[in-house]
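> structure, please.
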Amino acid sequence: MLEFISSVWWMIVTLGILVTFHEYGHYWVAKKFGVKILKFSIGYGKFFWSRKDKHGTEFGVAPIPLGGYVKLLDTRDPDVIVTEADKNLTYNSKPIWQKALIMFAGPGFNFILAVLMFWVMFVYGKNEIHPTIGEPQKIMLQAGALEKDQIFELNGYEVKTWQDVSLELITNGLDRQDISMKVKRDDGHIYDLQLPLSKLPDDVEETEMFENIGISPWRVPISNRVDGVAENKPAEIAGIKAGDVILEINGEETPDWYAVVEKINKYIKGELNLLILRNGNTFNVTISQSVFDEIDKNRRIIGISSEQTDEKSREFYRSLVFSNSYGLLDAVPAAFNETWRMITVSVEMMGKIVTGKASLKNLSGPITIAQVANDSASRGVAWFLGFLGLVSLSLGIINLLPIPMLDGGQLVFLLFEKIKGAPLSEEFQLKGQTIGIIFLLCFMSIAFYNDILRLVT
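Numbers count the residues shown, from 1 in each chain. Next comes the predicted model:
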């Protein structure tokens, strides 16, 4: 319940910041061009809080936190009576270039916010891990990669983090395009490898990309042997003892302690059936359900602990951790580079979705946003700022799509108006708006379906 409340809260914070900044872009530019603003709404529906400024603009907050709007004075609005004195304050009386800038300002402010968020993120700094691979499998093994190889270049691009690696492997993997890879080994030498992504099976989706490439992060080796059992906890009650080796959980293999933790978390609120190896014999142990940790009430446990890891492995892992931070000035180009890179990747992925190379399962709705917002906030300030920057970019890009009801659709209407030399008919625009609403409803339905599917699986 606490996680649900936290997720909802961080979703409201995220959308509140992004929508406010987006709508303020429209508001600020419209005001600069002398357009009268009637309403500035954060959220949809009837205002539960509002106030008016001296210019007559009503600022309000509505209960549905999935967007917002700025209502401009317009003679075409049937709900508004425009006096003769106010006609020069209407949106539709302005030149096309001014109207276009007003429409573009919302997404434009989202891009500005993204740069700002990335800049603060880099100045604040966040701990990252150099992309060092564990035991290579499949395509990585064919490429000649070795355990503890540190990747620092993919397809000619410098990579510093696992996020960098993910972006390059997924985007090129979807195209089944072979790429070059440079790795640094324990001996300090640099090796050039060729990663044959063309060998990926045709039916592999993005979520399965890493598994089929055969790449995983290097982790400190921890065996699946139980070192300690807490008193009066589910594991002890079920008969598990120190020295037991956990081979499977609910029929899924657990070759190391990471797999043990993963499977326990996977079935955290259900029954756990463990296959145990003890003194050369195997047998099954059933744990009805995990319990809440007395120290951390947000965590559920069964009451077992792992063996201690060796100091050499711990020291190597510590050598991989670094602070991804910059000075105030150096963070500026880094923020712009990150913004441009994420824009190109986002647009490329959208293109792949349209062409069918990428799955519609990539579309996410408010439930996923809430979960990721909560997760990034729990990781720290820098992670949440990076998340805000990424979602702000996505909001800006989506709003520039040439779909009626979105800013991009309005820009297309203005382009047609410029070509035609006269405003488009209200009937034409109304039909366009209807098509846009239908498209957005389909888009949102898929996103909601994906969200629910992720929850139930």
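
> nearest spatial neighbour of residue 183, skipping sequence neighbours?
residue 149 (4.0 Å; Cβ to Cβ, 6 or more residues apart in numbering). Just so you know, the C-beta spots here come from the backbone N, C-alpha and C atoms, and that holds for glycine as well.

> touching, that neighbour and residue 184? I think so.
Yes - using Cβ atoms under 8 Å, residue 149 is in contact with residue 184, at 7.2 Å.

> mutual contacts of those two, please.
Shared contacts of residue 149 and residue 184 (Cβ atoms under 8 Å, 6 or more residues apart in numbering): residue 191.

> which one of those two has more residues nearby?
Per other Cβ atoms under 10 Å, whichever of residue 149 and residue 184 has more neighbours is residue 149, with 24 against 17.

> quick check: pLDDT value at that one.
Note for residue 149: predicted pLDDT of 93.

> circling back to that earlier point, how near is the residue nearest to residue 183 to residue 263?
As defined by Cβ to Cβ, to the nearest Å, residue 149 lies at a distance of 28 Å from residue 263.

> same check, this time on residue 269
Counting by Cβ to Cβ, the gap between residue 269 and residue 263 amounts to 13 Å.

> between those two, who's got more neighbours?
The residue with more neighbours, out of residue 269 and residue 263, is residue 263; 20 against 7, by other Cβ under 10 Å.

> how about the helices in the stretch 201-350 of the chain?
209-213, 234-238, 257-266, 311-320, 331-355 (DSSP state H, counting those that start in this stretch).

> list the buried residues in the helix or strand that the longest one is followed by.
As assigned by DSSP states H and E, the chain's next helix or strand after helix 331-355 is helix 366-379. Neighbour-count burial for helix 366-379, with 16 or more other Cβ atoms under 10 Å as criterion, is recorded at 366, 367, 368, 369, 370, 371, 372, 373, 374, 375, 376, 377.

> which pLDDT value does the model give the third one?
Note on residue 368: pLDDT of 76.

> how much space between it and residue 375?
Taken as Cβ to Cβ, the span from residue 368 to residue 375 is 10 Å.

> residues contacting residue 31?
Counted by Cβ under 8 Å, 6+ apart, residue 31 has contacts residue 37.

> let's test this: mean pLDDT of the helix or strand hosting it, rounded?
Counting by DSSP H and E, the element that carries residue 31 is helix 2-32. The average of the pLDDT scores along helix 2-32 is 86.

> which residues does the next helix or strand after it contact?
Heading C-terminal from helix 2-32, the first helix or strand you meet, by DSSP H and E, is strand 37-44. Residues from elsewhere that reach strand 37-44 (Cβ under 8 Å, 6+ apart): 16, 19-20, 23, 27, 30-31, 47, 55-73, 80.

> show the buried residues in the residues you listed.
Among the contacts of strand 37-44, those that count as buried by neighbour count (16+ other Cβ under 10 Å) are 19-20, 23, 27, 30-31, 47, 57, 59-62, 65, 67-73.

> select from those every entry located in helices.
Judged by DSSP state H, these include 19, 20, 23, 27, 30, 31 as members of helices.

> list just the nearest of those to residue 171.
If you rank these by distance to residue 171 using Cβ to Cβ, residue 19 comes first, at 28.6 Å.

> tell me the contacts of the closest one?
42, 43, 65, 67, 68.

> go with 10 Å
Shown in contact with residue 19 (Cβ atoms under 10 Å, 6 or more residues apart in numbering): 41, 42, 43, 65, 66, 67, 68, 69, 106, 110, 395.

> nearest residue to the third one in space, please, no chain neighbours.
Distance criterion Cβ to Cβ, 6+ apart; nearest residue to residue 43, sequence neighbours excluded, is residue 62 at 3.6 Å.

> could you pull out the strands for the stretch 351-457 of the chain?
Counting by DSSP state E, counting those that start in this stretch, no segments of the stretch 351-457 of the chain form strands.

> can you pull out the low-pLDDT segments for it?
For the stretch 351-457 of the chain, the stretches with pLDDT under 70 are 360, 443, 447-457.

> which parts of it are helices?
Under DSSP H, counting those that start in this stretch, the stretch 351-457 of the chain gives helices at 366-379, 381-399, 407-420, 426-456.

> how about the stretch 51-200 of the chain?
All helices of the stretch 51-200 of the chain, identified by DSSP H, counting those that start in this stretch, fall at 96-124, 138-142, 162-174.
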